[in-house]
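*Asks:* Dropping a prediction and its sequence here:
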Amino acid sequence: MALTAETVTRHELVGLDVEVVAASNPDSIGLSGSVVTETTRTLGIETDGRVAHIPKESATFEWSLPSGECVQTAGETLIGRPARRTEQTGDSIWR
């Protein structure tokens, strides 16, 4: 399955470029970099040589896809174990 605006929430997020465009913590807004780790409730974003852990449920993220397209997603749609989140809906060949 190709990485598109419609499928970004079902893909592996580690390695993608992201920016926090809205968050409950104002210090997180504008933070951008590459996703280096993902847990059930947080994204680890590497920026300026350090990793910031941003809670998914209270943030909105803007992804830069390899195609050059930018996509915004609400963090609530990303909550869940990364392996389960990528398999949960649609036509996964692994279910």
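*Replies:* Perfect, I can see it now.

*Asks:* How many neighbouring residues does the spatially closest residue to Leu13 that is not a sequence neighbour have?
*Replies:* With C-beta to C-beta, 6 or more residues apart in numbering as the criterion, Leu13 has its nearest non-adjacent residue at 4.9 Å, and that residue is Val35. From N, CA and C alone the C-beta is placed, and that goes for glycine too. By other C-beta atoms under 10 Å, 20 other residues sit near Val35.

*Asks:* Val35: what's it in contact with?
*Replies:* Leu13, Val14, Gly15, Leu16, Asp17, Val18, Leu43, Gly44, Ile45, Glu46 (C-beta atoms under 8 Å, 6 or more residues apart in numbering).

*Asks:* With adjacent residues omitted, what lies nearest to the second one?
*Replies:* By that I understand Val14. Nearest non-adjacent residue to Val14 (C-beta to C-beta, 6+ apart): Val35, at 5.2 Å.

*Asks:* Show me what the residue nearest to Leu13 bridges to in the sheet.
*Replies:* For Val35, the beta-bridge partners under DSSP bridges are Ile45.

*Asks:* Looking at the contacts of Val35, which two lie furthest apart in space?
*Replies:* Asp17 and Gly44 (13.7 Å; C-beta to C-beta).

*Asks:* per-residue confidence at the most centrally placed residue in the chain?
*Replies:* With distances taken as C-alpha atoms, centre = their mean, the residue of the chain nearest its centroid is Leu13 (5.3 Å). pLDDT for Leu13: 91.

*Asks:* quick one: it and Pro26, what's the gap?
*Replies:* Leu13 is 23 Å from Pro26, where distance means C-beta to C-beta, to the nearest Å.

*Asks:* repeat for Gly68
*Replies:* 29 Å.

*Asks:* same question, Val20
*Replies:* Distance from Val20 to Pro26, by C-beta to C-beta: 10 Å.

*Asks:* and what of Val71?
*Replies:* Val71 is 23 Å from Pro26, by C-beta to C-beta.
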